[in-house]
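Asks: quick one: sequence and predicted model below, then my questions.
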Amino acid sequence: MTAASRLLAARTVVAGGRAGPGWVELAGDRIAHVGTGPPPRTPDVDLGDAVLVPGFVDVHVHGGAGAAFPDGDVDAAATAIRFHRAHGTTTMLASLVSAGAGELLKAVDALAELVTDGELAGVHLEGPWLATARCGAHDPDQLREPDPGELDRLLRAGDGAVRMVTLAPELPGGVDAVRRIVDAGVVAALGHTDATYALTREAIAAGARMGTHLFNAMAPVHHREPGPAVALLEDPRAPSSW
Ligand SMILES: [Zn+2]
């Protein structure tokens, strides 16, 4: 890419929604200007009918192209990252799955190299502090109650590579774990959970800020017990993934 490049496309997606024809001007590896309508100068690249969108952000992905982030293999992880990048995802967290403490630490330490290099935005620990009754694809034998020592070791691993933790707040010590995660500057997400509406609100008050695959692997909505999905949906502090 030359020092400055101007891209033109028939359709663009900009802050606030879809727009008609538009352009992007690059300065090195940075976006310098974005505009709608005809570009102020002749474009270097005309993308024709293509839709020009900002890079996708994926906060929950376990791998791709046959490679799995939980394996903690840097080369395999790089293959998965390249695969998603080719399809428009420019920012992603590497999601792990419930596993033994040693295995999780090893994976976080290995993937930290890709976080430092800017290839990954961080690591997402999905478990192991999840509800057995809502385990979904997680191995129920790997699920356990939050242990402050284990949690702290994982939050410190890889120079702070962990950026999000999904947990079930109703487990003993669950809400305390939310506080510990938030105090470390990490996003606490609620998922694979049987938490009540009230307990979910308590976890949000403690700093939880995400719902993980909302409705999926959580207590359903009941007329006398709205459950976690309703508590997450009605609180603007807690956007949710689907
Ligand atoms: Zn899940």
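Replies: Nice, I can see it. As the structure is a computational prediction, the values presented were derived from the model and not from experiment.

Asks: quick check: buried residues in stretch 26-46?
Replies: Buried residues in stretch 26-46, counted by 16 or more other CB atoms under 10 Å: 26, 34-35, 39, 43. (C-beta placed from N, C-alpha, C; glycine too.)

Asks: out of these, which is nearest to Ala110?
Replies: Nearest to Ala110 among the buried residues of stretch 26-46, counting by CB to CB, is Leu26 at 32.6 Å.

Asks: which SS state does the residue lying closest to that closest one once chain neighbours are set aside fall under?
Replies: Residue nearest to Leu26 in three dimensions, not counting chain neighbours: Ser5, with 4.6 Å by CB to CB, 6 or more residues apart in numbering. With DSSP: H, G, I helix; E, B strand; the rest coil as the basis, Ser5 sits in strand.

Asks: distance of Ser5 from Pro43?
Replies: In this view, Ser5 and Pro43 are 9 Å apart by CB to CB, to the nearest Å.

Asks: quickly run through the sheet partners of the helix or strand of the chain at the bottom of the mean pLDDT ranking, with directions.
Replies: Within the chain, no helix or strand scores below strand 17-19, which has a mean of 78 by mean pLDDT, DSSP states H and E. According to DSSP bridges, strand 17-19 has the following sheet partners: strand 11-14 (antiparallel).

Asks: what is the neighbour count of His213?
Replies: His213 has 17 neighbours, counted by other CB atoms under 10 Å.

Asks: that one contacts His60, doesn't it?
Replies: Yes. In this structure His213 lies within contact range of His60 using CB atoms under 8 Å: 7.0 Å.

Asks: spatially central residue in this structure, please.
Replies: Val59 (1.5 Å; CA atoms, centre = their mean).

Asks: excluding its backbone neighbours, what's nearest that residue?
Replies: Leu93 (5.1 Å).

Asks: model confidence score at that neighbour, please.
Replies: The model reports Leu93 with a pLDDT of 98.

Asks: beta-bridge partners for it, please?
Replies: Beta-bridge partners, per DSSP bridges, of Leu93: Gly122.

Asks: my read: it touches Glu119, true?
Replies: No. Assessed by CB under 8 Å, Leu93 is found out of contact with Glu119, at 11.5 Å.

Asks: which one's more surrounded, those two?
Replies: The neighbour comparison of Leu93 against Glu119 (other CB under 10 Å) goes to Leu93, with 25 against 17.

Asks: buried ones in stretch 159-179?
Replies: Residues of stretch 159-179 classed as buried: 160-171, 173-175, 177-178 (neighbour count, 16+ other CB under 10 Å).

Asks: my bad, should have said stretch 234-242
Replies: Buried residues in stretch 234-242 (16+ other CB under 10 Å): 235, 238, 240.

Asks: same check on stretch 81-92?
Replies: Buried residues in stretch 81-92, counting neighbours by 16+ other CB under 10 Å, are found at 81, 84-85, 89, 91-92.

Asks: in strands only, show me the residues you listed.
Replies: Taking DSSP state E, the ones among the buried residues of stretch 81-92 that sit in strands are 89, 91-92.

Asks: same list (the residues you listed) but as CSV, adding distance to Val187.
Replies: What follows is these, written out as CSV (distance: CB to CB, whole Å):
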residue, distance to Val187
Thr89, 18
Thr91, 14
Met92, 14
